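Participant: coords please:
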Amino acid sequence: MKRYVSVKVMFEENGNIVPEAITWDEEHCYPISKIIDIRCKKITAKITEIKFTCVILGQIKYLYYDEKRWYVILRNAK
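Facilitator: Residues are numbered from 1 along each chain as shown. Just a heads-up that it's a prediction; the model follows:
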């Protein structure tokens, strides 16, 4: 299940998007200490999804951007 999140992002002068932190809710903001990998995947003719493999609090997590919104995939969601 997708969970849409707010993300603090730096836009580099060359056009790269660099996520810096994920805001989960009003009380929880998690810094991204490292980006390990970035993969692009064409979803439709108009939409490209970007998958960022990140290190957050020492754990590998995946953050997605679909040209409009940021989200994570929840595991064991009910």
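
Participant: where do the strands sit along this structure?
Facilitator: 2-11, 17-25, 28-42, 48-56, 59-65, 70-73 (DSSP state E).

Participant: just for the chain, where's the confidence low?
Facilitator: Within the chain, the stretches with pLDDT under 70 are 77-78.

Participant: possible to save the strands of the chain as JSON lines with mean neighbour count?
Facilitator: Where C-beta positions appear, they are placed from N, C-alpha and C, glycine not excepted. Below are the strands of the chain laid out as JSON lines (neighbours: other Cβ atoms under 10 Å):
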{"stretch": "strand 2-11", "mean neighbour count": "13"}
{"stretch": "strand 17-25", "mean neighbour count": "14"}
{"stretch": "strand 28-42", "mean neighbour count": "12"}
{"stretch": "strand 48-56", "mean neighbour count": "16"}
{"stretch": "strand 59-65", "mean neighbour count": "15"}
{"stretch": "strand 70-73", "mean neighbour count": "17"}
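
Participant: beta partners for the residue positioned nearest the centre of the chain?
Facilitator: Residue closest to the average C-alpha location in the chain (Cα atoms, centre = their mean): Leu63, at 2.7 Å. Beta-bridge pairing of Leu63 under DSSP bridges involves Phe52.

Participant: That one reaches Val55, doesn't it?
Facilitator: No - in this structure Leu63 lies outside contact range of Val55 using Cβ atoms under 8 Å: 11.0 Å.

Participant: Are there residues contacting both of the two? Which ones?
Facilitator: Taking Cβ atoms under 8 Å, 6 or more residues apart in numbering as the contact rule, Leu63 and Val55 both touch Ile32.
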